[in-house]
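K.L.:
Attaching a predicted model along with its sequence, questions to come.
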Amino acid sequence: SMYRNKAAFEGKVVLDIGCGTGILCMFAARAGARRVIGIDASDMIDKARQIVKANGLDGVVSLIKGKVEEVSLPSDVKKVDIIVSEWMGYFLLFESMLPTVLVARDKWLSEGGVVYPDKATMFISGANNAEYRKNHIDYWSDVYGFDMKCMVTDEDRYLDCFTETVESKSLITTTVTLETFDILTVQNNA
């Protein structure tokens, strides 16, 4: 989508939070960004440097190893025009990097700047997963001829929730919007 929206990136300073291999950094550079900075705390940053150089983008893309909360931008960059990140965790917020993106936004995003993705919506729906029930709940009714039903409490049976990909035919309720977040304005109240 950066290539289809080159006008949004042309001449801009872009910051990629949790840049991993640097793929979003390179997309931004090829979309016309004047300068791209990627930050990642993992050792993957070393591979990202090699990848960026191998693709001839090391004149535009700078990579910083460290945590957003602890690093500084290059001395010639005070603010950025755009922040990009693949921050989403499972069920959007579990194990997500959103708090880190919000720190970067508050520290470095220029007035009028944007964050991509700029909105995130959580949907919820009830499902009946017969295979899960068979393998994790009903299983205890007959374990090699032994009744072990006490291994599954009512909490396990009815109150426990988990995130899983299910086929649409398994849905037993209407899907509803649980929450929509505007990443430019949402606050971390943790």
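P.N.:
On my side now, so go ahead.
K.L.:
Please identify the buried residues of stretch 144-154?
P.N.:
residue 152 (16 or more other Cβ atoms under 10 Å). Where you see a C-beta, it was placed from the backbone N, CA and C, and this is true even at glycine.
K.L.:
for it, what is the average pLDDT?
P.N.:
The predicted model assigns stretch 144-154 a mean pLDDT of 85.
K.L.:
got the end-to-end distance for that stretch?
P.N.:
23 Å (Cα to Cα, to the nearest Å).
K.L.:
likewise stretch 4-22?
P.N.:
Stretch 4-22: ends 19 Å apart by Cα to Cα.
K.L.:
who does the helix or strand hosting residue 29 touch, helix- and strand-wise?
P.N.:
If you go by DSSP states H and E, residue 29 is part of helix 23-30. Contacts defined by 3 or more Cβ pairs under 8 Å, 6 or more residues apart in numbering; DSSP states H and E place helix 23-30 against strand 13-17, strand 35-40, helix 44-54, strand 61-65, strand 80-85.
K.L.:
Dump those into TSV; add mean pLDDT, mean neighbour count and distance to residue 177 as well.
P.N.:
As requested, these are exported to TSV (pLDDT from 0 to 100; neighbours: other Cβ atoms under 10 Å; distance: least, Cβ to Cβ, whole Å):
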stretch	mean pLDDT	mean neighbour count	distance to residue 177
strand 13-17	98	27	26
strand 35-40	98	25	32
helix 44-54	97	17	34
strand 61-65	98	20	36
strand 80-85	97	23	23
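K.L.:
Nearest approach to residue 94 belongs to which of those?
P.N.:
strand 80-85 (16.3 Å; Cβ to Cβ).
K.L.:
Please export the C-alpha coordinates of the closest one as CSV.
P.N.:
C-alpha atoms of strand 80-85 as CSV (Å, rounded to 0.1, in the frame of the first residue of the first chain):
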residue,chain,number,x,y,z
VAL,A,80,9.4,12.3,12.0
ASP,A,81,6.5,12.7,9.6
ILE,A,82,5.3,9.1,9.5
ILE,A,83,5.5,6.2,11.9
VAL,A,84,4.9,2.7,10.5
SER,A,85,4.8,-0.5,12.5
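K.L.:
Cool, thanks, signing off.
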